[in-house]
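> Task: produce atomic coordinates for the following.
(one chain, ligands or ions: 1)
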Amino acid sequence: MSFAHLVRFGILTLDFKENRNYFDFLRCVVNVASRKSMETFQLSHTPVMLREVLNSLPEGRVERCLDVTTGGAGHLAAILEQKPRWKADAWDRDPDAEARIWKNLSARGLEGRVQFTRKDFAQPPVDPSVLYDFIMADIGVSSFQLDDHARGMSLHSEQKLDFRMDPSSGAPFGVWLAAIEERKLAEIFYRYGEEPKAQNLAKKMKAWGGDSLASAKNFADAVSRALGYNPHESRRHPATRVFQALRIAINDELGQLERLLEWAPGHLAEGGRLLVLSFHSLEDRIVKHRFQTLARDKGGFVLPFTKPLVPSESETESNPRSRSTKLRVIERRSLGI
Ligand SMILES: C[S@@+](CC[C@H](N)C(=O)[O-])C[C@H]1O[C@@H](n2cnc3c(N)ncnc32)[C@H](O)[C@@H]1O
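Have a look, this model is predicted:
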C-alpha cells in the first residue's frame, strides 16, 4: 500500500495528530500499515480443510447449526454461504473473537443469521432440549491468537506472557508457574510437547522470574537457551513445543474437549452430524475413542468415514500449520437412545 493510499483512505490521519517529529511519524506509518494488513489478513484467513468440512455437511432439512469454536467465522461464513437456509449459533471463549466474527459475517451479509455467545464449549447449551443438525469444533488456538503480537501467546510477542485464550479467567502466568510442582511441570512438557529435556527444563524454569518472564519473547529465548539452542539458528523456534504444551495445560484443552464430547452427541437431531478438527495426536485420540464408543455401544450413531480425513498435499504446502490436522465426523441416526 502506497503512502498516497494511506492518506487517501484516511488511515494516516488517525495517528498523525499524536506525532511530535518525523521519526515518530514514520513509525506511525509502519504501525498503521501493518495493522491494516493484519486486518486484511484476518478477513481473508483461509479456514483449515474447508473443502472437506463443506463436503461433510448433512443433507436434508436443516434448521440450526452450532459452531463452538467460531474464531474468525471462516468456516461458519463459508457454511452459511453454501447453505442459504441455515441459521447458526456461534460460540467462542476468546473476548477478542466477537468483533472479528461480526466483522467477517457483516462483510458477507450473513450477520442476521447468527447468534453469538461468548462461552466455553465444556458447558452444554443453556436449553437442554435444543437439537442441532450440525455441530462443529475446530479445536485449539486460532492463527489470530498466535499471530497477534499484541497478546502474550506468540513466541515473538513483546507483551507479557499470557497463554490464556480467555485472559479474564484463571491466573496470570507468573502465579500459575509459582504454584505448579516441578514434577507436574515436567509431565506437561513431556506429555503435551514431547520434550525430551522436560525434567531439566522444569527444574530451571521454576527458578525463573524477572526478565525471563517480562515478555513472551524473553521467555521463549530463555526456554531455547535452557534447552541448549539458539532461537535464531533453527527454522522452527526451539520453544514452539514448550509453548504448545503450556497452552494446552493452562487452557485445560484436553479436559474441555472431553466434556464437549460428552454432551454434544446428545444435542444432535436425527441425521445430525458432529464434526471435530483436531491438531494434536492427543486430541485426535480422545475424539477417535469417544466416536468409536458411541458407534459401538449406543447403536444410534454411525461413522460416515472409517478413517479420519486429512488435508491435501497442496493445503499442507500452502499452510504448513494444517499438517497435523485430523477431521472426524459422527452422525446420529435415531433419537431412540
Ligand atoms: C482454530 S480456531 C477456530 C477458527 C475458525 N474455525 C475459523 O475458521 O475462523 C479455535 C477457536 O476456538 C476457541 N476456543 C478454544 N477452546 C475453546 C473452548 N473451550 N470454548 C470455546 N472456544 C474455544 C479459540 O478461542 C479460537 O478462537
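> For the rest of this, base every contact and every neighbour count on C-alpha atoms.
OK.
> residues near residue 82, how many?
When neighbours are defined as other CA atoms under 10 Å, residue 82 has 12 of them.
> Disregarding residues adjacent in the polypeptide, which is nearest to it?
Beyond its immediate neighbours in the sequence, the residue positioned closest to residue 82 (CA to CA, 6 or more residues apart in numbering) is residue 54, lying 7.8 Å away.
> Please point out which parts of the one helix or strand residue 317 maps to sit buried.
If you go by DSSP states H and E, residue 317 is part of helix 313-318. Using 16 or more other CA atoms under 10 Å as the test for burial, helix 313-318 gives 315-316.
> if we can go back for a sec, list the contacts of the residue nearest to residue 82.
By CA atoms under 8 Å, 6 or more residues apart in numbering, the residues touching residue 54 are 78-79, 82.
> tell me the SS of it?
At residue 54 the chain is in helix, as set by DSSP: H, G, I helix; E, B strand; the rest coil.
> what does the one 3 residues further on give?
Three-state assignment for residue 57 (three-state DSSP): coil.
> quick one, what contacts it?
134, 273.
> Same check on residue 61?
Counting by CA under 8 Å, 6+ apart, residue 61 has no contacts.
> Could you show which parts of the stretch 101-250 of the chain are in contact with the ligand?
Neighbours of the ligand within the stretch 101-250 of the chain, by CA under 6 Å from any ligand atom: 119-122, 138-142, 165.
> Can you add neighbour count and secondary structure and give those residues back as CSV?
As requested, these are exported to CSV (neighbours: other CA atoms under 10 Å; DSSP: H, G, I helix; E, B strand; the rest coil):
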residue, neighbour count, secondary structure
119, 18, coil
120, 16, coil
121, 21, coil
122, 18, coil
138, 21, strand
139, 20, coil
140, 20, coil
141, 21, coil
142, 18, coil
165, 21, coil
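> still on that earlier bit, for the helix holding residue 317, give me every contacting residue.
Contacts for helix 313-318 (CA under 8 Å, 6+ apart): 49, 322-323.
> rerun that using 10 Å as the cut-off
48-50, 310-311, 319-325 (CA atoms under 10 Å, 6 or more residues apart in numbering).
> Off-centre distance for that helix?
19 Å (CA atoms, centre = their mean, to the nearest Å).
> so how far is the following helix or strand past that helix off the chain centroid?
Next along the chain after helix 313-318, taking DSSP H and E as the criterion, comes strand 326-332. The chain centroid and the centroid of strand 326-332 are separated by 19 Å under CA atoms, centre = their mean.
> same thing with stretch 293-308?
Counting by CA atoms, centre = their mean, stretch 293-308 comes out at 26 Å from the chain centroid.
> pLDDT of that stretch, averaged?
For stretch 293-308, mean pLDDT is 90.
> Between the two ends of that stretch, how far is it?
16 Å (CA to CA, to the nearest Å).
> quick thing: my sequence starts at 33, can you match it?
Okay, residue one is now 33; in that scheme the one you just asked about reads as stretch 325-340.
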